[in-house]
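Trainee: Compute the structure for the input listed below.
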Amino acid sequence: MKRFVILGLKILGILAAVIVVILLGAAFVFNSSSFQKKMLDYSTEALADRLQTKVKIDSVSINLLTFDANLLGVDIEDREQRKMLQVGRLSVNLDLWGLLRNHIQISSVELDGVKARLYKPKDGEANYQFVLDAFKSDKPKKDKKEGEEKKKKKLSLDVSKVEVSEIDVVFNEDTFYLGNLNYEKHWTGNQEGSIRHLQGKVDFVTKKGPQTGRVDIGQIAVLGKDDSQQVKIDGMHLVLDNHLPRKNAGKPKRGYFDAGHLDIQANMELTLNHLGKDTANISMTKFEAVDTITGFNVKTLKFRAGINKKAAHLSDITLQQDSTILRFDSATIQLPSKKEGRKFAFQTSLIKGTTYLKDISRPFAPVLKNFTMPLELSVLFSGTDTTLVFKNVEVHSPDKRLTIHADGGITHLNVPEDMEVRFHVKDMLAKGDIKEEIISMFAGKKLMMKQLKNLGDIRYTGDFAVLWKREEFQGNVGTAAGSLNFNFAIDENDKYLTGSANTGRIHLGKVLEMKDIGDVSVNANFKIDIHKERTAQMRKKYGGKMPIGNVNAVVREASYKGVKIKNLNVAIQSNGGQIEGNINQANKGLDWACDFSISDIDKMSTLKVKPKVKVKMKEIIDFSKLNPFKKKKK
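Mentor: Okay, the predicted model is just below:
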């Protein structure tokens, strides 16, 4: 948008300057209206001849006593006889004598009713190129001798008052509209200005396809002096549309956030402490924004920033999103440059604050909508346009019944299919009933809550990874009943939870509230169905609320009523309504087994057991030893 706005204003400025200078020069000699009319006709004809297109100017009036110039009804066509530039009125009041001192002092400028239609095809010249070519200097550039410097006095410009209204620019399919612009510089040095009803639409193409961006700003107000200016932006509306279905279409459990579909409304206030050619220093005192579609809400953003061509240095940063508040002392952003081979990168000081996961539920994780527990957070954050790194992550509840220490990162942000989220949990501790409180904040059926409570305090160390349509978890869990090593994965393609677990010792009876069962040492593999439609059909058919899947295990050692048993094979199958299983042990002379079933895992009274015993007599009795006719060896 900036590019075609500048082009439009540049063309307008060239044409207006040429016309005004020609007419002012003529009017300086002859100030009569009749002569100005003749000179208008002459200038119009000369301009049309220079541009080789149709030029029309309705009228011009110049008053040498007040140094006012008024230009009305400018109409210029391009080489295809299309309306390229139209100006309703241009009024300028300036000091002509200042031009002799290379100083342009403009008391006021009024511009009204500008329409520009600019086109630039991909394989051809722009329709405005002939204007730029017509006023290029024909003089060849002189080669400078070594050590020779051509001194040229710069032309200075000083404008006291500007009023602009109804600016309508079209560049190809992109549009720009300005309702009103006012600027005034007072004798005290104070400046004030405002822009109202600024609108624009830009179509562009990214690696992911065509997109359309729209911006609408109600008002921009500026007040202050050159060394410090207050800027206030109200009613900014930004819309981004990639013309594709939203990513959560047909996926109710997925968050609403989609970078290809944004509808942001924002207001902000900032102070320009310094604004130079390549440097700037600003203070953001107020920023509030909300995406009306995703619900992502920034309630407060404050910071100070020093910016140059290579980097932006931020300090005293505060970010608030609904209930979440984060603060950090500093951050550095490296600005990208293809020419200098510099890539985007950033890093922060230690970020601290309190976060509520419910604040990000609608845009990113609807499952967290009831997660109202405050969590204290601290982290070091850095990254590039493709990678994010989180170091020294610490999360804990206010009472520290829950504490987490971890490191991690996200790679391949630019390729969703290759993106990986990996974290190493150095230590996690959940004390008392904090685990039950956390689970209660999630919707859905609560399974095996009694068994979870019986585990007591839980400590975990391990790793997890979120990959393309797959999540992986592994580590060690320590509990009051014993410890457990596990490794499992969730496959989002076939919707199964698969994995393995093993323990050297766990007091299973304590967990299941069955006093006769003591310590157990076991290796197990499992496969649990998590497909929503598939499991719904099973539950409808069999009833119940238990998990659906199977477990195969080898019990290396178990204790039952004080008797130790080794090398048991266990197979368990659950259809949701009932769990059926088999336990068997093969011995030299005796095989024993039992089938069991249970319809409610929270009520062990529903457990039914059918024992089976098989005596292998041939292995117990050696009949050859009972043969009385067999001779004994001497």
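Trainee: From here on, just use CA atoms for contacts and neighbour counts.
Mentor: OK.
Trainee: Now do the same contact list for the residue nearest the centre of the chain.
Mentor: In the chain, the centroid-proximal residue (Cα atoms, centre = their mean) is Ala259; its distance is 6.6 Å. Going by Cα atoms under 8 Å, 6 or more residues apart in numbering, Ala259 touches no other residue.
Trainee: how far away is the closest residue in space to His261 that isn't next to it in sequence from Val202?
Mentor: Counting by Cα to Cα, 6 or more residues apart in numbering, His261 lies nearest to Asp241, which is 4.9 Å off, once chain neighbours are set aside. Distance, Asp241 to Val202, by Cα to Cα, to the nearest Å: 11 Å.
Trainee: shared neighbours, these two?
Mentor: In contact with both Asp241 and Val202: 212-213, using Cα under 8 Å, 6+ apart.
Trainee: Could you tell me the end-to-end distance of stretch 334-354?
Mentor: Start-to-end, stretch 334-354 (Cα to Cα) is 28 Å.
Trainee: average pLDDT for that stretch?
Mentor: Across stretch 334-354, the average pLDDT comes to 93.
Trainee: Ser599 is in contact with Gly577, isn't it?
Mentor: Yes - counting by Cα atoms under 8 Å, Ser599 does reach Gly577; the two are 6.2 Å apart.
Trainee: Show me the common contact partners of those two, please.
Mentor: Gly544.
Trainee: rewinding a little: for Leu181, see how far away the residue nearest to the centre of the chain is.
Mentor: 32 Å.
Trainee: now Asn392
Mentor: 50 Å.
Trainee: what do you get for Tyr119?
Mentor: 25 Å.
Trainee: And for Asp216?
Mentor: Noted for Asp216: a distance of 15 Å to Leu181, by Cα to Cα.
Trainee: what's the answer for Thr324, then?
Mentor: Using Cα to Cα, Thr324 is found at 38 Å from Leu181.
Trainee: again, but for Val164
Mentor: 5 Å.
Trainee: Compare the two and say which is more crowded by neighbours.
Mentor: Higher neighbour count among Val164 and Leu181: Leu181, with 22 against 19, using other Cα atoms under 10 Å.
Trainee: How far does whichever strand or helix holds the more buried one sit from its chain's centre?
Mentor: Using DSSP states H and E, Leu181 falls within strand 174-185. Centre-to-centre, strand 174-185 and its host chain are 31 Å apart (Cα atoms, centre = their mean, to the nearest Å).
Trainee: which is the next helix or strand following it?
Mentor: Trace forward from strand 174-185 with DSSP H and E and the next one is strand 191-206.
Trainee: Please settle this for me: is Ala116 part of a strand?
Mentor: Yes - looking at Ala116 with DSSP: H, G, I helix; E, B strand; the rest coil, it is inside a strand.
Trainee: hmm, who's touching the strand holding Leu181?
Mentor: 1, 5, 159-170, 191-203.
Trainee: out of those, which are buried?
Mentor: Among those, the ones that count as buried by 16 or more other Cα atoms under 10 Å are 5, 159-170, 191-203.
Trainee: what ranges of the stretch 1-150 of the chain fall below the confidence cut-off?
Mentor: 1-36, 39, 64-67, 95-104, 137-150 (pLDDT under 70).
Trainee: Where do the strands of it begin and end?
Mentor: In the stretch 1-150 of the chain, the segments counted as strands under DSSP state E, counting those that start in this stretch are 55-63, 68-77, 83-95, 103-118.
Trainee: Parallel or antiparallel, list what pairs with the second one.
Mentor: It stands for strand 68-77. Strand 68-77 has the following strand partners under DSSP bridges: strand 55-63 (antiparallel), strand 83-95 (antiparallel).
Trainee: Likewise for the longest one?
Mentor: The pairing partners recorded for strand 103-118 under DSSP bridges are strand 83-95 (antiparallel), strand 156-159 (parallel), strand 161-171 (parallel).
Trainee: Next, give phi and psi for Thr188.
Mentor: Backbone torsions of Thr188, given as degrees, to the nearest 10, read phi -80, psi -10.
Trainee: count of neighbours near it?
Mentor: Neighbours around Thr188, by other Cα under 10 Å: 7.
Trainee: ok, now Glu173?
Mentor: Per other Cα under 10 Å, the neighbour tally for Glu173 reads 11.
Trainee: now it: how far from Pro121?
Mentor: Distance from Glu173 to Pro121, by Cα to Cα: 11 Å.
Trainee: between the strands paired with strand 68-77, which gets nearest to Gly475?
Mentor: Gly475 lies closest to strand 83-95 among these, at 69.1 Å (Cα to Cα).
Trainee: how far does the closest one sit from the chain's center?
Mentor: 44 Å.
Trainee: With only the CA atoms kept, save that strand in CSV.
Mentor: Extracted C-alpha coordinates of strand 83-95, given in CSV (Å, rounded to 0.1, in the frame of the first residue of the first chain):
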residue,chain,number,x,y,z
LYS,A,83,-8.6,8.6,-16.6
MET,A,84,-5.3,8.4,-14.7
LEU,A,85,-5.3,11.5,-12.5
GLN,A,86,-8.1,13.9,-11.5
VAL,A,87,-7.7,16.8,-9.0
GLY,A,88,-10.7,18.7,-7.9
ARG,A,89,-8.8,21.6,-6.2
LEU,A,90,-5.3,22.5,-5.3
SER,A,91,-4.7,25.8,-3.3
VAL,A,92,-1.2,26.9,-2.3
ASN,A,93,-0.1,30.0,-0.3
LEU,A,94,3.7,30.4,-0.4
ASP,A,95,6.6,32.9,-0.2
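Trainee: which residues are contacting it?
Mentor: Contacts for strand 83-95 (Cα under 8 Å, 6+ apart): 12, 66-78, 104-118, 128.
Trainee: 7 Å instead?
Mentor: For strand 83-95, the surrounding residues in contact (Cα atoms under 7 Å, 6 or more residues apart in numbering) are 67-78, 104-118.
Trainee: For whichever strand or helix holds Thr498, what does the pLDDT average out to?
Mentor: Assigned by DSSP H and E, Thr498 belongs to strand 496-507. Averaging pLDDT along strand 496-507 gives 90.
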